[in-house]
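Asks: quick check, what structure comes out for this input:
(one chain, ligands or ions: 1)
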Amino acid sequence: MIIDNIIEQSIQTITKQYLGTIIKVERPHDHIFYFKDHTSSVEVKVVSDEIIRIKMAPQDTFLEEFSYATQPFEFKEATIDFAETETHYKIATSLVVCLLEKTSFKISFEDRATNLLIMEDQSSMHWEENVDFGGYYVYCSKNMQEGESFFGLGDKAMDFNLRGKRVAQWNSDTYAFAKGRDPLYRTIPFYIGLHHGVAYGLFFDNTFKSYFDFGAENDRTVSFWADGGELQYYYIHGPHMMDVVKRYSYITGTHPMPPMWALGFHQCRWSYYPESKVKDLARTFREKQIPCDALYLDIDYMDGYRCFTWNKNYFPDPKRMISELKEDGFRTVVIIDPGIKVDKDYWVFQQGKKNHYFCRRSDDYFMEGPVWPGRCQFPDFTNPEVREWWGTLFKEYVEIGVAGVWNDMNEPAVFGTETFPSDVRHNFDGHRGSHRKAHNVYGMQMVRATYEGLKKLQKNKRPFTITRAGYSGMQRYASTWTGDNVATWEHLQLASIMQQRLSISGVSFSGSDIGGFSGEPDGELFTRWIQVGTFSPLMRVHSAGDTAEREPWSYGPYYEAICKKFIELRYKLLPYLYSAFWEHHKHGFPIIRPVVMHEQGNHSNTARQDEFTFGDKILICPVVQQGATSRMVYLPKGKWYNYWTHQVLDGGVEHHIEAPLDIMPIFVKAGSVIPEYPLMQYTGEFDLKQLKLNMYYIEGQANSFMYEDHGDTFAYEQSIYTEKRFYLEGTNKKLSIDQSSLGLYTPRYDTYDVKVYGLPFAPKKVQADNQPEVEFNYDKKTKVLEFVVLKSFTKIEIS
Ligand code: MIG
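Replies: Numbering: from 1, shown residues only. The predicted structure follows:
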């Protein structure tokens with residue numbers, strides 16, 4: 001009997017509990033509703049006409065409102081219609097209807113105009129009590145809709161469409177990760193669903209280890225769950241993928257404008273030392289006339305890997321070295337890891353210890369673990385006071401001219417145990433939590449502290465930071481790279497897919513280690529990777545210490561010439577990229593846009609993952625196969641110019657495109673105006689005398705825009721910038737270009753050097769406003785028209 005009893009008790013499995021029947025409704029504010037069954041409560045908060053947040057409290061008690069992901073955003077005025085039917089409660093904004101079924105507590109969302117069912121619970125939200133840690137495992141499962149595809153989640157080394165996959169979110173140091181390895185370095189629990197040509201987004205703002213299943217368990221179910229925290233998600237309405245991404249940015253923020261130099265070419269390696277080596281590197285770039293803006297110092301620049309110190313044998317006078325590099329147009333970026341060496345004679349350790357800034361275990365021991373410096377303790381970056389202190393540590397770096405900071409190992413990574421044990425305590429901005437709750441935000445809060453510290457120290461100059469780990473919202477503080485990839489062709493394709501994925505997940509400013517971090521690319525793979533890197537918002541070559549050196553000239557003159565051509569192309573396109581960056585910063589448009597984002601109604605595009613656009617005017621299709629000298633390229637509907645030949649092709653179909661090693665397929669949308677810089681060896685090498693505008697004739701109309709500012713301050717926040725709009729209108733006899741501008745910044749140059757491609761007629765006259773007729777050159781063979789015009793023109797007519 002006794003034994004039976006014991007068994008009975010010990011086999012009492014923890015069972016999932018489901019929301020029951022709704023018995024009560026409260027509406028304390030116009031946009032906030034509470035629905036309750038006998039024990040639980042669900043909050044429905046209308047954020048805007050397009051965004052609705054759902055949150056569940058299993059025992060009716062919500063946690064305090066707090067999120068690292070969200071930026072302060074306003075609850076926009078929305079028109080809310082609330083109604084009760086026999087079976088449902090209905091909360092309708094002007095665009096979305098959120099339905100709660102009374103008996104089952106299932107929640108669904110519909111498009112108000114079309115009644116299309118967008119997303120529906122398969123069962124009501126559920127949970128399981130966590131007896132070890134307290135709180136609950138929380139679950140939500142939805143019906144997979146017919147033909148549904150899934151995109152986003154930021155950091156998955158998988159095919160672009162995530163349908164059929166189950167993935168986890170737990171920031172992990174994954175050296176030489178293979179395709180399919182999961183989880184990786186960053187946690188972005190935001191996905192975009194697409195079915196019936198209509199897109200929506202779901203952002204599961206929960207920092208605990210979380211999971212998504214997009215039909216892996218069975219092809220009827222989409223589910224997501226987490227090991228703790230609240231079941232809290234934002235439903236984000238479409239119908240376009242672009243709307244969803246912009247609205248996600250509205251909640252989580254965008255990248256601030258980077259300093260212009262950060263969009264140039266970056267050369268990195270683990271590690272360049274001593275000083276003579278760094279100087280040789282710099283000299284070689286200039287001798288070979290290969291543009292470059294940034295050189296990196298990896299961990300070996302430090303004294304015994306102690307952060308904020310220098311190995312004086314390698315770098316006897318860092319200030320002198322950095323300023324000499326600067327005179328030659330190079331910025332120096334240095335690495336900083338979170339682990340602080342336990343060393344009583346080391347000032348950073350002393351300060352951290354004295355002020356109780358290091359993380360502790362549940363029983364109050366310090367969290368200690370080995371990383372590069374040996375035994376380390378780790379600042380609790382979730383403590384605002386610690387972040388403040390951390391920011392001040394960069395003072396000397398800023399004084400000696402360090403231009404950017406690279407935060408690595410901030411998953412956080414610990415040798416042997418991978419990361420911190422789960423009992424480590426964190427301040428969590430006063431909301432307290434164990435490492436289970438803080439793990440996924442640790443890296444983001446580290447780079448936040450770095451960014452905010454630099455911003456203060458640099459006065460009004462834009463910081464440049466790059467981080468390996470991150471969580472949703474990380475884009476407000478840093479750029480990122482895809483981590484320790486491998487020098488294989490498969491990884492080249494992954495690099496392209498991952499930057500597309502990051503971009504639509506709110507993290508536009510990203511790139512991969514060009515060439516692959518571990519392993520050895522040959523000249524061909526390296527060159528193809530430089531080509532992809534040319535169109536990565538962050539263009540950085542990087543390699544592990546146990547591989548052969550990898551600079552653009554490492555593979556001999558043949559490959560060097562091609563790499564140089566592409567790095568030069570990057571520099572020519574800088575004003576275009578800078579404009580796309582502004583569009584991201586200001587309006588939340590991703591810089592890189594997968595083809596499906598342009599044509600989501602075409603189901604076959606849900607499987608395309610090679611083609612993408614850079615901004616919205618230039619389409620790239622990387623060559624990701626060894627030995628390939630041509631490839632098939634799909635162009636979205638409309639007309640496209642082959643960038644290299646100016647040949648015009650029809651969109652809506654695939655084309656076979658020649659792509660010998662010195663060519664990567666690049667297309668420009670008809671009607672585009674693409675600004676171009678003259679060739680510089682580094683950004684700001686000289687003042688522009690004139691700006692080139694490449695115009696691509698269109699039969700019909702098209703808009704383009706261009707953004708300019710000082711390039712390195714926050715004056716843009718006070719409207720010190722200029723945004724030019726170009727409107728092209730073409731017929732078979734005439735092309736007109738209207739220009740309008742906005743903002744308070746005046747660039748120094750006076751004229752545009754205009755090139756017009758693809759005119760269907762031989763021009764006889766170029767008229768700009770009321771000025772005397774403009775002199776021009778027209779090459780009948782290439783059909784290229786060229787003329788110079790005042791930058792202040794309002795209308796040009798070519799006939
Ligand atoms: O344990 O700093 O991903 O870019 O070169 C390896 C040395 C630490 C991992 C980073 C890599 C960097 C390397 N780091």
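Asks: which residues of the protein lie near the ligand?
Replies: W270, D298, I299, I335, D408, M409, R468, G483, D484, H542 (CB under 6 Å from any ligand atom). From N, CA and C alone the C-beta is placed, and that goes for glycine too.
Asks: give me that answer again for 5 Å
Replies: Residues of the chain lying close to the ligand by CB under 5 Å from any ligand atom are W270, D298, I299, D408, D484.
Asks: now render those as JSON lines, adding neighbour count.
Replies: Putting those into JSON lines (neighbours: other CB atoms under 10 Å) gives the following:
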{"residue": "W270", "neighbour count": "19"}
{"residue": "D298", "neighbour count": "20"}
{"residue": "I299", "neighbour count": "21"}
{"residue": "D408", "neighbour count": "24"}
{"residue": "D484", "neighbour count": "19"}
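Asks: what about G391, which SS state?
Replies: Look at G391: counting by DSSP: H, G, I helix; E, B strand; the rest coil, its state is helix.
Asks: read off the pLDDT value for the residue lying closest to it once chain neighbours are set aside.
Replies: Nearest in space to G391, with sequence neighbours left out and distances taken as CB to CB, 6 or more residues apart in numbering, is G453 at 2.1 Å. In the prediction, the pLDDT value recorded for G453 is 98.
Asks: so F224 belongs to a strand, correct?
Replies: Yes: with three-state DSSP as the criterion, F224 is located in a strand.
Asks: residues touching it, list them.
Replies: By CB atoms under 8 Å, 6 or more residues apart in numbering, the contact set of F224 is Y139, C140, P189, L202, F204, S210, Y211, F212, D213, Y233.
Asks: what helix or strand is the residue nearest to it when sequence neighbours are not counted on?
Replies: Excluding the flanking residues, the one nearest F224 by CB to CB, 6+ apart is F212, at 4.7 Å. With secondary structure defined by DSSP states H and E, F212 is part of strand 210-214.
Asks: one step back: quickly note the distance from the residue nearest to F224 to Q122.
Replies: Distance, F212 to Q122, by CB to CB, to the nearest Å: 14 Å.
Asks: out of the two, which sits in the busier spot?
Replies: Taking neighbours as other CB atoms under 10 Å, F212 and Q122 compare with F212 leading, 23 against 14.
Asks: wait, that one sits on T187?
Replies: No: F212 is beyond contact range of T187, at 11.1 Å (criterion: CB atoms under 8 Å).
Asks: overlap of the contact sets of those two?
Replies: Counting by CB under 8 Å, 6+ apart, the contacts common to F212 and T187 are Q169.
Asks: any idea which helix or strand in this protein has the lowest mean pLDDT?
Replies: Least confident helix or strand of the chain, by mean pLDDT, DSSP states H and E, is helix 2-10 with a mean of 51.
Asks: list the contacts for the one residue in the stretch 1-150 of the chain that gets nearest to the ligand?
Replies: Closest to the ligand within the stretch 1-150 of the chain is Y68: 22.7 Å, counting by CB to the nearest ligand atom. By CB under 8 Å, 6+ apart, the residues touching Y68 are T207, D429, V441, M444, Q445, Y471, G473.
Asks: just those: which are in strands?
Replies: Residues of the contacts of Y68 located in strands (DSSP state E): Y471.
Asks: can you turn the buried part of the contacts of Y68 into a ChimeraX selection?
Replies: The ChimeraX selection below is limited to those of these classed as buried (16 or more other CB atoms under 10 Å):
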select :207,429,441,444,445,471,473
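Asks: could I get the contacts of Y68 as a markdown table with pLDDT?
Replies: Below are the contacts of Y68 laid out as a markdown table (pLDDT from 0 to 100):
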| residue | pLDDT |
| --- | --- |
| T207 | 98 |
| D429 | 98 |
| V441 | 98 |
| M444 | 98 |
| Q445 | 98 |
| Y471 | 98 |
| G473 | 98 |
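Asks: from the contacts of Y68, which is closest to the ligand?
Replies: Nearest member of these to the ligand, counting by CB to the nearest ligand atom, is M444, at 16.4 Å.
Asks: and the closest one, what is it in contact with?
Replies: Shown in contact with M444 (CB under 8 Å, 6+ apart): Y68, T467, A469, G470, Y471, G473, M474, Y477.
Asks: of all pairs in these, which one is the farthest apart?
Replies: Farthest-apart pair in these is Y68 and T467; separation 13.8 Å (CB to CB).
Asks: count the neighbours of P678 for me.
Replies: Neighbourhood size, P678 [other CB under 10 Å]: 14.
Asks: am I right that it falls within a helix?
Replies: No: per three-state DSSP, P678 lies outside any helix segment and is coil.
Asks: how close does the residue lying closest to C359 once chain neighbours are set aside get to the ligand?
Replies: Nearest residue to C359, sequence neighbours excluded (CB to CB, 6+ apart): M367, at 4.1 Å. Taking CB to the nearest ligand atom, to the nearest Å as the measure, M367 falls 19 Å from the ligand.
Asks: thank you, goodbye.
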